[in-house]
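Student: Coordinates for the following, if possible.
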Amino acid sequence: MREVFIYPGEDGFWVAECPSLPGCISQGETKEKAVVNIREAIDLYIEVLEEDGNPIPERG
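Tutor: Numbering: from 1, shown residues only. Below you'll find the predicted structure:
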């Protein structure tokens, strides 16, 4: 699992960010939903890197 930061956003949603994958950010109405969403975002981020033949950043 990658390190993820979860914090309240300005719009009342929870923001989830994965610093080891630049630009991999998601959000959710609850902390739990933000976690579900960032897991999906991480999976898709890595999938695209693999499809494009790009290296996958080390876990931070």
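Student: CA only for contacts and neighbour counts going forward, please
Tutor: Will do.
Student: can you tell me how far residue 8 sits from residue 43?
Tutor: 23 Å (Cα to Cα, to the nearest Å).
Student: Which residue of these two possesses the greater neighbour count?
Tutor: Neighbour totals were compared for residue 8 and residue 43, and residue 8 leads with 15 against 11 (other Cα atoms under 10 Å).
Student: Enumerate every residue touching the nearest residue to the more buried one once chain neighbours are set aside.
Tutor: Spatially, and ignoring its direct neighbours in sequence, residue 8 is nearest to residue 14 (4.5 Å; Cα to Cα, 6 or more residues apart in numbering). By Cα atoms under 8 Å, 6 or more residues apart in numbering, the residues touching residue 14 are 6, 7, 8, 27, 28, 29, 30, 31, 34.
Student: Secondary structure of the fourth one: a strand, I assume?
Tutor: The one in question is residue 27. Yes: under DSSP: H, G, I helix; E, B strand; the rest coil, residue 27 sits within a strand.
Student: Alright, calling it a day.
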